[in-house]
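Asks: Could you look at this predicted model? Sequence included:
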Number of protein chains: 6
Amino acid sequence: MPMKNRLRDKIDNDEAALGAWLALPDTHSAELMSRLGFDWATIDMQHGLVDYQRATAMLQAMTASDTTPIVRVPWNEPGIIGKMLDAGAHGIIIPMVNSRAEAEAAASACRYPPRGKRSFGPFRAGLLYGGNYLEEANEQAYCIPMIETRQALDNLDDILSVPGLDGVYVGPSDLSVSLGLRPAADQEDESFTDAIDRILDGCRRHGLFAGVAGTVKEAPKRIRQGFRFVEVARDSGSMAKAALKDLRTVRASMDDS
Amino acid sequence: MPMKNRLRDKIDNDEAALGAWLALPDTHSAELMSRLGFDWATIDMQHGLVDYQRATAMLQAMTASDTTPIVRVPWNEPGIIGKMLDAGAHGIIIPMVNSRAEAEAAASACRYPPRGKRSFGPFRAGLLYGGNYLEEANEQAYCIPMIETRQALDNLDDILSVPGLDGVYVGPSDLSVSLGLRPAADQEDESFTDAIDRILDGCRRHGLFAGVAGTVKEAPKRIRQGFRFVEVARDSGSMAKAALKDLRTVRASMDDS
Amino acid sequence: MPMKNRLRDKIDNDEAALGAWLALPDTHSAELMSRLGFDWATIDMQHGLVDYQRATAMLQAMTASDTTPIVRVPWNEPGIIGKMLDAGAHGIIIPMVNSRAEAEAAASACRYPPRGKRSFGPFRAGLLYGGNYLEEANEQAYCIPMIETRQALDNLDDILSVPGLDGVYVGPSDLSVSLGLRPAADQEDESFTDAIDRILDGCRRHGLFAGVAGTVKEAPKRIRQGFRFVEVARDSGSMAKAALKDLRTVRASMDDS
Amino acid sequence: MPMKNRLRDKIDNDEAALGAWLALPDTHSAELMSRLGFDWATIDMQHGLVDYQRATAMLQAMTASDTTPIVRVPWNEPGIIGKMLDAGAHGIIIPMVNSRAEAEAAASACRYPPRGKRSFGPFRAGLLYGGNYLEEANEQAYCIPMIETRQALDNLDDILSVPGLDGVYVGPSDLSVSLGLRPAADQEDESFTDAIDRILDGCRRHGLFAGVAGTVKEAPKRIRQGFRFVEVARDSGSMAKAALKDLRTVRASMDDS
Amino acid sequence: MPMKNRLRDKIDNDEAALGAWLALPDTHSAELMSRLGFDWATIDMQHGLVDYQRATAMLQAMTASDTTPIVRVPWNEPGIIGKMLDAGAHGIIIPMVNSRAEAEAAASACRYPPRGKRSFGPFRAGLLYGGNYLEEANEQAYCIPMIETRQALDNLDDILSVPGLDGVYVGPSDLSVSLGLRPAADQEDESFTDAIDRILDGCRRHGLFAGVAGTVKEAPKRIRQGFRFVEVARDSGSMAKAALKDLRTVRASMDDS
Amino acid sequence: MPMKNRLRDKIDNDEAALGAWLALPDTHSAELMSRLGFDWATIDMQHGLVDYQRATAMLQAMTASDTTPIVRVPWNEPGIIGKMLDAGAHGIIIPMVNSRAEAEAAASACRYPPRGKRSFGPFRAGLLYGGNYLEEANEQAYCIPMIETRQALDNLDDILSVPGLDGVYVGPSDLSVSLGLRPAADQEDESFTDAIDRILDGCRRHGLFAGVAGTVKEAPKRIRQGFRFVEVARDSGSMAKAALKDLRTVRASMDDS
């Protein structure tokens, strides 16, 4: 099967692709989340509780769905980037890319020569995507650095102009902390809103899609702002939110009676 | 620490104890669910996706919370009942107890001699609950057979009068299917509502608490009916419900704009 | 998606369905084996090295393929039969079914009321196969007892006439041992060949398909004999066979030079 | 390699074989314990925290040592007995064998026909012990029921005379509880000491070896009494004992200064 | 619950905090060791046999105890440092910190901006320690580089003066090897004893606590020297020590008789 | 037991050592492959599907065989190199060593001071190889960088002259891609054949053994060329090859009839 996917269709059509975040290291929650209609789902190996063996099994559990699997690696390190692409991820989100050199390292780890330095040996990806995986992966696999610090803002054009990037992912919490604000999915402070504007503008100028972390609360606004890769929900957060709400509803019904 | 717990406090005070159902084989979802305020949480080894090794790790992850951990075993089999009590469960729910003999087997597996035939060797339970575990477990560990078939209804008093039972747990889906209805958490059919009434009445007469599976929708009614061990939410269901709702909310916001 | 599958298509068309046996507890070997073109693959929880948690992950890894997943449970025990059907198996092979009572227990564990006593709560199967799973599973899920002892031969018609069976699976090794022969995939001894004939004849008379364990050596003959569910290869055996052959080839090339 | 082993050498020479008990589900503690010089080590799947997948990996980790691996199964159930023998255990300890029928079931699960009903398919055991595994296992694999209840004492000769048993294992804690005493590795109460004498005498008359659980404290006395399969230490207990002692030593040194 | 803990109480009172070392990748040994009374226990991901998924489960298993959980990461790499703090560790020991730059990298990985570059997203730590985790972690989470080479001694003041460090941990074995001695927990060689003195002196001058690896043998002396974070026992070593001693005791009793 | 092994015997005698590649994260496939007669087997943590915890268990499962265990780490990173040597690997293959500095880093990570910077604490290796492990490991553990890029060819003598290397391993696929060819185990293109010649020549001049990835097809030629560490088969590839061949054989037999 080709690496074409629902996420790419949306991005190529300039439509917003809505996504789920997977922090739990469980194949069953991943499979369930991949069957709810999200355009993409990202296995989070950085702040999520997931290591390589679980992430790979989660990728397997998501394969029969048409939600596109993305992986956030723990750090900008070529070994794990290669391993997750080999395991079948359609794209890699790389945290804390703060300089041109770091962006080049990220891009290089995602691409085979001559575009990069990824090592060839795609066990699972080869099984899934077939004999032209080398060319296909170099075309199709997304490389998505995170823009989430003041330093990255300072180096924004240097970063965004690196060949081989497809989009960026904004981490509002880290960006907030880096700007001296409290961690949050959104901020009214001008330093934050300016940063968002600059990132969106930079992406437009460099032909990259803009992605952003957040919840149902910020997503509509983010889409209107121009983000195209937008987090809407996460496994653990959705679970806690609904369970807590239901618990309170029943508790309240008991107080009434 | 003694085996006294929040669930027992509620039951002993004739208050409804509200609970969560854990179907995902993950220590992190278990730990998260155990910190939301539920009185009890049941690790489901029957229809949940959990085996012994995961269930035991989930029990460890829940220990620092004050939600009382219960386990539903896959079947009425003394080996696994003993293993889960040894692992620190405060109570065991046993599926498909349809006759006095089956109820006696369940009770016997939960109790040390002379009250039953449980084998002594409580590795983790001994570590947690200390040197008087034998006496304490025989007093405190709940043995909760499920009443969920027409056959069980036919043998109701035979079952409920077995010494060593603490309560029963009603499975409305299986009960429905057994009565020739479609599986559901509640039914208007008189065969079903009669069954519920008979079980509640039987529990009262035999000094047992009545528990029941369900969701936020049925829970208030169940509490009013007299159930005291009431499922309110489950990990996977809560996750899917909230994630899907949020996805639809954002999709709708896109259609509006 | 419905439970229709490649295995059923073959069986319903009276064609031989060729299968793979999975003894290794690994999602990656399972995924690989499921993409080679076999009609079915059986996860072996009896003599294979697989437990529940691994088997379930293997089922997930096979879902995107069109090889139909079957599970052989460790023993004729309703708890594990229900768990593996809940996990999405399209059929269950039950070892050592030697009497009518044992066959009835197997069939009952595979079917919901009123046809059997399976308990309702299909977490993963419900996710995969949708809202009519109860009806669909009762129609589509295969219940396949093993005929592999002299005692089973003695009770053959008693066993085969039990309602709710779909086919049988012959274990030639156990059958051999039970007949006083050495364990082997095939035998020339008349006691063995007679047994095969009787089983095939019994299946025809009772409208069941006949399946059989074996290798590439016996499979063509078995198909000609009338078996329709025929093992051709197993993960570990294939691995060892090819690796050993290649090692000897290279060793031989060194001796030549 | 043949199934001959250090444990059998000791038993055949009527020498006491000293053993370790493995309750932790960890391959590294198992490997470490297997290299300290014990004659045998038993993976405890009943009261230990070990399931099938871990037990099998522990067996692998112990293979390079010359400590003979034994497994205590969770219950007298033929599926798990067969699985653990297939995985390479040299013997099986079966808990709570209280009657002749239960002893016959245990023996039957440990032996291939015509001596029993074990099913043939020894994946790992075949790999380790070679082509004559069927004959060798029927000769060499130990079947060791536990004698640990008053009921078993009542049926002692009935149990010990069952063909296919090799020895028995006494559980002093369960035996104590069954006799109305507190659980302990030894007792002065005559009901207990009589039971020990009767078991030892029964073993002598029926040509079985006698084994017993306990610690360094009881082991010398047990050996003098005639026990030949004697527990000396367990992984978790040794760990806690030495760590606690060292902690107290250092604490005391601080108080002194 | 706040991040206040027993280890910090001791350190803040200038008392020696006695600790356990966890090399086994097992939640049950971790839970057991955390309930013996140690002030802290360190999960060793460097020389211990523990990876991320097991370390996280071990942290969960230790949460209900009042032994403070520390993690030694495999290497001075910000990805894994962040992941283990997110997982709830109260402090991180970083091996082989040999220069000011390496110490700055370690400190930066442990602190949120503006003090460092840790990325925000504390799944489990947020669940445990609540809404002020960012501030609390920056104050409370220990950053403990290891001083264990000649090069580190050469750069001692450069290292110890880096802002954001809380203490150091001395690895006597590596220090010995680096000084040309055989690996050991203690040495009489002056190069070694001088190094110890210099480290203790440096810590005093820079307001850091000094920690050190070792056993019950060295611990009293280390405490008298001024070390405040002192290893006393480790899981595997304690297990082997006591088991071997008991085995020899019983063997000796047999020789006597 | 000493670290002497079958691989070293072959290398020291200038004989070709034939090996297996382990990409599946399974202890049972590893154990099986280790008992077929290969001189060495490499656990592939780079392109294989194996993480630390599984690799360590695979090493345990291979210990009783006389196939020498080697590990390919995911990347040239000292943390994981040390961990795998600690876990008992007899040698480390390090991918993508392209410069003298990278070769020095690899060598340093494999050797204790004064030859390198490996940290001392060999839990499992110490258990297996005994009290002189430090000296023995520094002599016996193989450090094998991969030569697989044009850049490495450009720096060939710089790399090969680094003290502490034992051999090199050629990755023909990556080398091909780096040279602008399609990935393959062999190439007719002169740029490739020249590269092979230069590497073999360089190894001879620097006293290193040459190793190479490939299959049964290339192995005889590679041995004739002078390679001494030659891959012959891999777990997953052997499995798929034989299973597919057998499936086609049976399919063909059906078409014939």
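Replies: In hand now; what should we look at?

Asks: May I have the phi/psi pair for A:Ile70?
Replies: Taking degrees, to the nearest 10, you get phi -120, psi 150 for the backbone angles of A:Ile70.

Asks: ugh, wrong one, A:Val50
Replies: Torsion angles, degrees, to the nearest 10, at A:Val50: phi -120, psi 130.

Asks: And for it, the neighbour number?
Replies: Other residues lying near A:Val50 total 29 when counted by other C-beta atoms under 10 Å in any protein chain shown. (Each C-beta comes from the backbone N, C-alpha and C, glycine too.)

Asks: who's in contact with it?
Replies: Contact analysis of A:Val50 by C-beta atoms under 8 Å, 6 or more residues apart in numbering or on different chains lists A:22-25, A:43-44, A:58.

Asks: can I get those in CSV with secondary structure and distance to B:Leu153?
Replies: Putting those into CSV (DSSP: H, G, I helix; E, B strand; the rest coil; distance: C-beta to C-beta, whole Å) gives the following:
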residue, secondary structure, distance to B:Leu153
A:Leu22, strand, 43
A:Ala23, coil, 44
A:Leu24, coil, 39
A:Pro25, coil, 42
A:Ile43, strand, 46
A:Asp44, strand, 48
A:Met58, helix, 42
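
Asks: Cross-check those residues against chain E and keep the overlap.
Replies: A:23, A:25 (C-beta under 8 Å from any C-beta of the partner chain).

Asks: And the contacts of A:Val50, which is closest to chain B?
Replies: Among the contacts of A:Val50, A:Leu24 lies closest to chain B (C-beta to the nearest C-beta), at 5.5 Å.

Asks: The closest one and B:Ser29 touch, don't they?
Replies: Yes - using C-beta atoms under 8 Å, A:Leu24 is in contact with B:Ser29, at 5.6 Å.

Asks: thinking again about what came up before, could I get the contacts of A:Val50 in JSON lines, plus columns for distance to B:Trp75, neighbour count and pLDDT?
Replies: Below are the contacts of A:Val50 laid out as JSON lines (distance: C-beta to C-beta, whole Å; neighbours: other C-beta atoms under 10 Å in any protein chain shown; pLDDT from 0 to 100):
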{"residue": "A:Leu22", "distance to B:Trp75": "32", "neighbour count": "29", "pLDDT": "98"}
{"residue": "A:Ala23", "distance to B:Trp75": "33", "neighbour count": "26", "pLDDT": "98"}
{"residue": "A:Leu24", "distance to B:Trp75": "27", "neighbour count": "30", "pLDDT": "98"}
{"residue": "A:Pro25", "distance to B:Trp75": "28", "neighbour count": "27", "pLDDT": "98"}
{"residue": "A:Ile43", "distance to B:Trp75": "34", "neighbour count": "27", "pLDDT": "98"}
{"residue": "A:Asp44", "distance to B:Trp75": "36", "neighbour count": "27", "pLDDT": "98"}
{"residue": "A:Met58", "distance to B:Trp75": "29", "neighbour count": "29", "pLDDT": "98"}
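
Asks: of the contacts of A:Val50, closest to chain D?
Replies: Comparing the contacts of A:Val50 against chain D with C-beta to the nearest C-beta places A:Pro25 closest, at 17.1 Å.

Asks: Could you check how far that closest one is from B:Arg54?
Replies: 11 Å (C-beta to C-beta, to the nearest Å).

Asks: got it, and A:Gly116?
Replies: Look at A:Gly116 and B:Arg54: by C-beta to C-beta, they are 39 Å apart.

Asks: who has more neighbours, the two?
Replies: Counted by other C-beta under 10 Å, A:Gly116 and B:Arg54 do not tie: B:Arg54 has more neighbours, with 23 against 20.

Asks: which SSE is the more buried one in?
Replies: helix B:52-62 (DSSP states H and E).

Asks: which residues touch that helix?
Replies: By C-beta under 8 Å, 6+ apart, the residues outside helix B:52-62 that reach it are B:22, B:25-28, B:30-31, B:34, B:41, B:43, B:45, B:50, B:69, B:71, B:80, B:83-84, B:87-89, B:124, C:53, D:25, D:49, D:51, D:53-54, E:27-28, E:31, E:57, E:60-61, E:63.

Asks: Do a quick rundown of the helices in chain A.
Replies: Per DSSP state H, chain A carries helices over the ranges A:6-12, A:27-33, A:52-62, A:78-86, A:100-110, A:123-129, A:133-140, A:150-154, A:156-160, A:172-178, A:190-206, A:219-225, A:235-256.

Asks: measure the closest residue in space to A:Leu22 that isn't next to it in sequence to chain C for me?
Replies: Leaving aside its sequence neighbours, A:Leu22 sits nearest to A:Ile43 (C-beta to C-beta, 6 or more residues apart in numbering or on different chains; 4.8 Å). Going from A:Ile43 to chain C by C-beta to the nearest C-beta, to the nearest Å gives 14 Å.

Asks: Quick check: bridge partners of A:Ile43?
Replies: Beta-bridge partners for A:Ile43, by DSSP bridges, are A:Leu22, A:Val71.

Asks: returning to what we had before: find the residues that touch each one of A:Pro25 and B:Arg54.
Replies: Common neighbours of A:Pro25 and B:Arg54 (C-beta under 8 Å, 6+ apart) are B:Asp26.

Asks: need the contact list for A:Asp86.
Replies: Contact analysis of A:Asp86 by C-beta under 8 Å, 6+ apart lists A:121-125, F:47.

Asks: For A:Ala213, which non-adjacent residue is closest in space?
Replies: A:Glu231 (4.9 Å).

Asks: looking at it, that neighbour is touching A:Ala17, isn't it?
Replies: No - contact between A:Glu231 and A:Ala17 fails when scored by C-beta under 8 Å: they sit 10.3 Å apart.

Asks: The two: who's more crowded?
Replies: Between A:Glu231 and A:Ala17, A:Glu231 has the larger neighbour count (other C-beta under 10 Å), namely 27 against 23.

Asks: Just list whatever residues bridge to the more buried one.
Replies: Residues in a beta bridge with A:Glu231, per DSSP bridges, are A:Gly19.

Asks: Mind listing what's buried along stretch A:114-129?
Replies: A:116-129 (16 or more other C-beta atoms under 10 Å in any protein chain shown).

Asks: got the CA positions of it in PDB?
Replies: Extracted as PDB, the C-alpha positions of stretch A:114-129 are listed here (Å, rounded to 0.1, in the frame of the first residue of the first chain):
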ATOM      1  CA  PRO A 114      21.400  12.400  -1.000                       C
ATOM      2  CA  ARG A 115      18.800  14.500   0.900                       C
ATOM      3  CA  GLY A 116      19.800  13.400   4.300                       C
ATOM      4  CA  LYS A 117      21.600  10.700   6.300                       C
ATOM      5  CA  ARG A 118      18.900   8.300   7.300                       C
ATOM      6  CA  SER A 119      20.100   4.700   7.300                       C
ATOM      7  CA  PHE A 120      18.300   2.200   5.100                       C
ATOM      8  CA  GLY A 121      16.700  -0.900   6.600                       C
ATOM      9  CA  PRO A 122      12.900  -0.300   6.900                       C
ATOM     10  CA  PHE A 123      11.700  -3.500   8.300                       C
ATOM     11  CA  ARG A 124       8.100  -2.700   9.100                       C
ATOM     12  CA  ALA A 125       7.800   0.300   6.800                       C
ATOM     13  CA  GLY A 126       9.100  -1.800   3.900                       C
ATOM     14  CA  LEU A 127       6.600  -4.500   4.700                       C
ATOM     15  CA  LEU A 128       3.700  -2.000   4.700                       C
ATOM     16  CA  TYR A 129       4.700   0.400   1.900                       C
END
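
Asks: ok, A:Asn5 - contacts?
Replies: So A:Asn5 contacts A:66, A:68, A:90 (C-beta under 8 Å, 6+ apart).
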